[in-house]
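Asker: The sequence and its predicted three-dimensional model are supplied below.
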2 protein chains.
Amino acid sequence: MQSKPATIKAIAQILGISASTVSRALHDHASIGLTTKAKVKKLAEELNYEPNQTAIFLQKGKTHTIGVILPELAEDFFSTAVSAIEDTAYKKNYTVLIAQSHDDEAKEKLLVEKMKSHRVEGLLVSVGKNTSSYQHFEDLKKYNIPVVYFDRIPGIPNIHYVACNMETGTIEAVNYLLRKGHRVIGMINGPQAMVATGERREGYISAMTKNRLKYDPSLIVSCDLTEHDTQRALEQLLNNKRRPTAIVTFNDYVALFALKHAKKLNVKINEELELVSYANLPLINYMDNIPVASVEQFPYLQGQKATDILMDLLHHKSTAASEPGAFYKVIIESQLVENKR
Amino acid sequence: MQSKPATIKAIAQILGISASTVSRALHDHASIGLTTKAKVKKLAEELNYEPNQTAIFLQKGKTHTIGVILPELAEDFFSTAVSAIEDTAYKKNYTVLIAQSHDDEAKEKLLVEKMKSHRVEGLLVSVGKNTSSYQHFEDLKKYNIPVVYFDRIPGIPNIHYVACNMETGTIEAVNYLLRKGHRVIGMINGPQAMVATGERREGYISAMTKNRLKYDPSLIVSCDLTEHDTQRALEQLLNNKRRPTAIVTFNDYVALFALKHAKKLNVKINEELELVSYANLPLINYMDNIPVASVEQFPYLQGQKATDILMDLLHHKSTAASEPGAFYKVIIESQLVENKR
DNA sequence: AAGTTTAACGCAAACGTTTGAGCAATTTTA
DNA sequence: TAAAATTGCTCAAACGTTTGCGTTAAACTT
């Protein structure tokens, strides 16, 4: 078998015409005769000709490829976001390159280099939870590679992003618990560096004070989202002088860790302790007992919007460049959904 | 700002030397003077030079890219498999291009074209559940693009694949249920076209007959894995003349659909009816009640092995070509894991 | 001192495609 | 029937790299 795919040159040689004619024929250019076109197309079909994108990329300077950098593909939130990204990109005839940082800032930097090297036209990123500097992303602007952040966004100005406003959902969550009669409500929050951590905290404080309850800082404890640290955080809350009867956890994984540990500690879920979480997992509502409610973060929507924005940026580069102060900031309001039993 | 990244040519021009010298200098070629090397590297650093992969691809005829085609990224099984693929590929300095078929055979074909067009060096694929012809994949062999199938593999000879042998796990599952005292065991199986459907069926029959129980065909009903059809299948089993007290479901999603519907039908889970499933979901073991056990399919391992095989194929192409009869067939034995309460 | 080696670099082609400009036939116009 | 317009095609350069081969000048032989 022919190991190498057919090229335009090969077609040209067989037909005894020039490569440019073949190229134009395949593109239905007006200045090529119908008989020639027919011959070319027929042979291309026969040889199973497939344009070499890498050559086209080089020639046109456009790769029609976007990159995605995110912490963990296996996490349900991200995989559905990527699913949306791929779907949306596919419709616009873009290809997507993925890479996961595993929350490692050093690797994140390397991945940016790799993406740059691959000449992606734009980048979609959800930053690692430990990432402290965003310079490696911001540098891309110099090369006209737009970056759209989603979900885990940096807390810096002048960026494009789509994210959930966690404050809204958190307020709803706390209100929900208050309505159910809870007065001492704890929170297992995320790392201080994350924007979402601050929003949850603000939401918590806002809901409490709006309800004329005093805010007790000892009821909010941050953790690094690992199972181990969640256990520590849970114990810290349970041993607090004012022991919470309900806890808002940073996300579903944390909720599951906490649940597991609570069982081990013989804390009766939904009697002694109720949980409210932020949905990253699809089937939490198939579960019994926990958590009683979740704050939905719309991963598919986020992925979709982020890709739309990137596409817009790519196709109106001039506009974006001419209005350097204009940044997309799409905020999806998080929403409390009560989990049906 | 400079909108376009620096090129070798640009560096050459600035330094007043030739492009080839710059290229060699950057690669630490022996025949370039140390002072020149130093100058080149310094300037490259300053200009933030990043080699243009598309150009290198074209020149070398190697893209260092592999493609992944699978049905649904948002499904947990696949996302963790992709996570493994990306991790493994990254270590070998390969980039991964992903695309989802959404179980649509026509789209699957288009994606193959796209991958071919992108000149991926190899392909990892998990076929759609309705895919009946595999010609679009097999055609790639002509172009020396190796294909490694994983998990959802075609039932044809002469292919490389890694998959779980569902028969083993199914036998274990049925044995487990028999030990628990069940005698009438149902099965909600997948589409007939899937290899895994056959394996489950064989496992079921094998376990039953080995235990001297007669095999009742009406207890195995196939469904298309949608929620709706699962409901139908469940009802069919519940209305069977011999009503099963336990059901083996095709996967966790089907189990969840069945569970949901069973609740609606007022069937008491784990009293009237026990479920055993095949794990695709990570947190099924955090759940109460269902299912009592799962057959683990090791998604990360599958992704990893599949990528390893592909890498091997890519690096020993000659070997593979010289021994046309040699195909990788990695079978991971599925394994029953009892879900801890 | 003439010949030979070696070090350091440049030339040019190639990868596959696109595209502006040019050119030769053929057809149209006046 | 000569000039002008149209048709259908070819040439050559370009995109950014790599690489075999050639070239120059300096350093080393004997």
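Answerer: Done, it's in.
Asker: show me the contacts for residue A:41.
Answerer: By Cβ atoms under 8 Å, 6 or more residues apart in numbering or on different chains, residue A:41 lies in contact with A:25, A:26. Just so you know, the C-beta spots here come from the backbone N, C-alpha and C atoms, and that holds for glycine as well.
Asker: go on, residue A:241?
Answerer: Here residue A:241 is in contact with residue A:218 (Cβ under 8 Å, 6+ apart).
Asker: That one: what secondary structure?
Answerer: Under the three-state scheme (DSSP: H, G, I helix; E, B strand; the rest coil), residue A:241 adopts coil.
Asker: repeat for the one 3 residues further on
Answerer: The three-state label for residue A:244, taken from three-state DSSP, comes out as coil.
Asker: Could you count how many residues lie near it?
Answerer: Residue neighbour count, defined by other Cβ atoms under 10 Å in any protein chain shown, stands at 21 for residue A:244.
Asker: Dihedrals phi and psi, it?
Answerer: Residue A:244 adopts backbone torsions of phi -70, psi 150, taken as degrees, to the nearest 10.
Asker: I figured it was touching residue A:273, is that so?
Answerer: Yes - Residue A:244 is within contact range of residue A:273, at 7.5 Å (criterion: Cβ atoms under 8 Å).
Asker: Now do the shared contacts for those two.
Answerer: By Cβ under 8 Å, 6+ apart, no residue touches both residue A:244 and residue A:273.
Asker: got the residue ranges for the helices in the stretch 151-300 of chain A?
Answerer: Applying DSSP state H, counting those that start in this stretch to the stretch 151-300 of chain A gives helices spanning A:166-179, A:195-210, A:227-238, A:252-264, A:299-315.
Asker: Show me what counts as buried in stretch A:6-21.
Answerer: A:6, A:7, A:8, A:10, A:11, A:12, A:15, A:17, A:21 (16 or more other Cβ atoms under 10 Å in any protein chain shown).
Asker: Would you mind measuring from the second one to residue A:118?
Answerer: The spacing between residue A:7 and residue A:118, counted by Cβ to Cβ, to the nearest Å, is 23 Å.
Asker: can you check residue A:199 too?
Answerer: Plainly put, residue A:199 is 34 Å away from residue A:118 if you go by Cβ to Cβ.
Asker: swap in residue A:333?
Answerer: For residue A:333, the distance to residue A:118 (Cβ to Cβ) stands at 35 Å.
Asker: The two: which is more packed in?
Answerer: residue A:118 (21 against 13).
Asker: Look up how far residue B:225 lies from the closest residue to that one other than its chain neighbours.
Answerer: With sequence-adjacent residues excluded and distances taken as Cβ to Cβ, 6 or more residues apart in numbering or on different chains, residue A:118 is closest to residue B:53, at 5.0 Å. According to Cβ to Cβ, residue B:53 stands 39 Å off from residue B:225.
Asker: Same check on residue A:87?
Answerer: From residue A:87 over to residue B:225 the distance is 20 Å, taken as Cβ to Cβ.
Asker: Quick one: name the residues of the stretch 51-200 of chain A near DNA strand D.
Answerer: Residues of the stretch 51-200 of chain A that fall close to DNA strand D, judged by Cβ under 7 Å from any atom of the strand: A:55, A:58, A:59, A:61.
Asker: hmm, 6 Å instead?
Answerer: By the rule Cβ under 6 Å from any atom of the strand, the part of the stretch 51-200 of chain A lying against DNA strand D is A:58, A:59.
Asker: any chance you could map the strands in the stretch 51-200 of chain A?
Answerer: Remark: strands assigned in the stretch 51-200 of chain A by DSSP state E, counting those that start in this stretch are A:65-70, A:95-100, A:122-125, A:147-150, A:160-165, A:185-189.
Asker: quick one, what contacts the closest residue to residue A:332 other than its chain neighbours?
Answerer: Sequence neighbours aside, residue A:164 is the residue nearest to residue A:332 in space, at 5.0 Å (criterion: Cβ to Cβ, 6+ apart). The contact partners of residue A:164, by Cβ under 8 Å, 6+ apart, come to A:151, A:196, A:297, A:298, A:302, A:331, A:332, A:333, A:334.
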